[in-house]
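**Q** how would this look folded up:
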Amino acid sequence: MRFWTRLGSLFGLIVLTAAVVTPPAGASPSSAAPDAFYSYTGSTPLTELAPGTVLKTRRVAYHIVSIPVPLTVVQLLYRGTDQVGGATANVTSVVLPPLRLGPPKVVAYQSAYDSLNPADEPSRIIAGGLTLGGVLPSAETALIAPLLLQGYTVVVADTEGPDADFAAGPEYGQNTLDSLRASYASPATRIGSNAKTALLGYSGGAIATEWAAEMAPTYAPDVNRHLIGAGLGGVLVDPAHNLHYVSGSLVWSGVLPMAVVGIARAFHIDLTPYANSYGRSLLAKMQDASIINALGQYPGLTWSDMALPQYSNPESIPIYVQAVNQLIMGAGGTPTIPLFIGQGANGLLEGTSGSTPGIGPGDGVMIAGDVRSLAREYCGRGVRVQYQQYDALSHTTSLLPWVPAVLGWIDARFAGFSAPQNCSSIQPGNSLAPIS
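**A** Residues are numbered from 1 along each chain as shown. Alright, predicted model coming up:
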C-alpha cells in the first residue's frame, strides 16, 4: 500500500512541478497583499518575547493553486529570529492529518519555495494565495500527501522569514526550529509536548532542514529532544562555491542575482556599489523574483557580467566574504540525529558544466563534492549519515529516487529501527574552509 501511495506521490509531483512553466490564471509576481494575521499588534515588544512564542492562531482550509481541499490547517504567527538576530513575526502552517491513530508524529517539511517575494511564502499559498512562485509550494502537496495519509502531522514554516531572505541558511534553520516550538506549545495543533519529529526538505528545503539539524542542539535544545532524524537532498553547502558553479549555466545562472539580493537583504548590507550598470538593473529586477523568474531566463550569465571590472572576483569584496563565510554548513554545530542525504552529480543535464577548478561535478546547481565533504565531516563527529549520490541524475531528476528513499527512511525512524550509515564508503570531496 505504501509503495503505491509513494508512486502516486511521485507521479503527482512530476505533473504538478511541470505546471510551473505556465503561470496560472491570475498569478501575480507582486509583493504580498496586506493580511492582518501577519502583523504583530501585542503590547509586549517582540524583542522581549522568547523565540517560538505564539502570537496569533487561525484555522484555514488547505489550498492547492487557490483551490480548497478537505484538509485543516492551523496557522501560527510566532516570534522568530532573522539572520542578524533581530526579532520577527513569522508564520508556520500545521497541516492536520485526516486520520490519526496513536500518539502524534510530526514531520517538519521545509518547502523549496526559493523566492525573494513574501507573497510566495508557503503559509500564504496554503491559505489560498495565488502567485507564479507559489506554484512550487502547491506542487509540494504531492510529497506532503503520503505523509498525511499515514497520520503524520506536517509542519510547514515560512523558512525564509517575513522578508523572504533567500539563501540565508542560519535564518532558515532558526525559523524552522522556532516554528516547531510554536507548534508544540499551541493547543490548537493537538501535537502536545512529547511528539517525535523528523525534518524533511529538498533543495531550498534542504537548506532549512540541515541548518535546523545542526543548530538544534545549541539554539533549541528543547526542540532537539523531539528530533529523530533529518532527510535532505540537493544540498547548498557552501554558497560561495555554488555562485562559481552556476556562473555561465544555461538554466541555473539566474540564481546568481537572486542569491546576491537574498544575502544582501538578510545581512542588511549593500552589494550594489560593486555591480556595473547591467548588474544594478538586474539586482533591482530581482527584488521580488522567485526561482521561476530565474530558471533558464539568463543563459550564460556570469558574475563578471554583473560586476565592475575590479570586482570580477567576488572574493575581493570584504562584506560579501564576511557574509558568505557564515553560510557554510557545518559551521553552526553538529546534529545529534541521523541524516539521510541524497545528491545528484550530473549537472550537464541542466546546462551546468562544472568545469570550475576545485568544484567538480554537481547536479546543475548544487555541488556533489561539497555535500560529500559535509557528510564526511559529520561522520567524523559521530553522526550516523546515509549518503546516496545519483551520478547519472541532475537536480530535478534526482527527486525520482530520493523521494521514495527518504520517505521510507523517515518511516523507519518513527518505527524505532536503528539508522543505517555508510560513512566508510563516502568519497572525499571539496574543501569547505572559509574564504580568507
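
**Q** after the helix or strand of the chain with the lowest mean pLDDT comes which helix or strand?
**A** Least confident helix or strand of the chain, by mean pLDDT, DSSP states H and E, is helix 2-18 with a mean of 37. Going down the chain from helix 2-18, the next helix or strand is strand 54-64, by DSSP states H and E.

**Q** partners of that following strand in the sheet?
**A** With DSSP bridges as the test, strand 54-64 is paired with strand 67-81 (antiparallel).

**Q** mind listing what's buried in the strand it pairs with?
**A** Judged by neighbour count using 16 or more other CB atoms under 10 Å, the buried positions of strand 67-81 are L71, V73, V74, Q75, L76, L77, Y78, R79, G80, T81. C-beta coordinates here come from the backbone N, C-alpha and C atoms, glycine included.

**Q** go on, stretch 276-296?
**A** Within stretch 276-296, the residues scored as buried using 16+ other CB under 10 Å are 276, 279-280, 282-283, 286, 288-295.

**Q** for Y172, state which of those is nearest.
**A** Nearest to Y172 among those, counting by CB to CB, is I291 at 14.9 Å.

**Q** ok, the closest one touching P137?
**A** No: contact criterion CB atoms under 8 Å: I291 and P137 do not qualify, at 11.6 Å.

**Q** what sits in contact with each of these two?
**A** Residues touching both I291 and P137 (CB atoms under 8 Å, 6 or more residues apart in numbering): Y113.

**Q** mind listing the strands for this structure?
**A** Using DSSP state E, the strands of the chain run over 54-64, 67-81, 87-95, 105-110, 153-157, 196-202, 227-233, 339-344, 385-390.

**Q** with mean pLDDT and distance to S316 added, can I get these in TSV?
**A** Shown next, in TSV, are those (pLDDT from 0 to 100; distance: least, CB to CB, whole Å):
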stretch	mean pLDDT	distance to S316
strand 54-64	98	43
strand 67-81	97	31
strand 87-95	98	32
strand 105-110	98	33
strand 153-157	98	36
strand 196-202	98	33
strand 227-233	98	32
strand 339-344	98	30
strand 385-390	98	33
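
**Q** those: which one's closest to Y40?
**A** Evaluated over the strands of the chain, closeness to Y40 peaks at strand 87-95, with 4.0 Å, by CB to CB.

**Q** tell me which residues of that closest one are tucked away?
**A** Across strand 87-95, burial judged by 16+ other CB under 10 Å covers A87, T88, A89, N90, V91, T92, S93, V94, V95.

**Q** that one packs against which elements?
**A** Applying 3 or more CB pairs under 8 Å, 6 or more residues apart in numbering; DSSP states H and E, one finds that strand 87-95 contacts strand 67-81, helix 122-126, strand 153-157, helix 169-185.

**Q** where does it sit relative to the chain's centre, distance-wise?
**A** Mean C-alpha position of strand 87-95 versus that of the full chain (CA atoms, centre = their mean, to the nearest Å) differs by 15 Å.

**Q** what does stretch 296-314 give?
**A** Relative to its chain's centre, stretch 296-314 lies at 25 Å (CA atoms, centre = their mean).

**Q** average pLDDT for that stretch, rounded please.
**A** Mean pLDDT, stretch 296-314: 97.

**Q** and the end-to-end length of it?
**A** Using CA to CA, to the nearest Å, one end of stretch 296-314 lies 23 Å from the other.

**Q** then stretch 121-139?
**A** One end of stretch 121-139 sits 13 Å from the other (CA to CA).

**Q** tell me the buried residues in it?
**A** Residues of stretch 121-139 classed as buried by neighbour count (16+ other CB under 10 Å): 121-127, 129-139.

**Q** what do you get for stretch 39-50?
**A** Residues of stretch 39-50 classed as buried by neighbour count (16+ other CB under 10 Å): Y40, L46, L49.

**Q** quick check, nearest of these to S353?
**A** Ranked by distance to S353 (CB to CB), the buried residues of stretch 39-50 are led by L46 at 46.1 Å.

**Q** list the contacts for the closest one?
**A** Contact analysis of L46 by CB under 8 Å, 6+ apart lists Y40, R79, A87, T88, A89.
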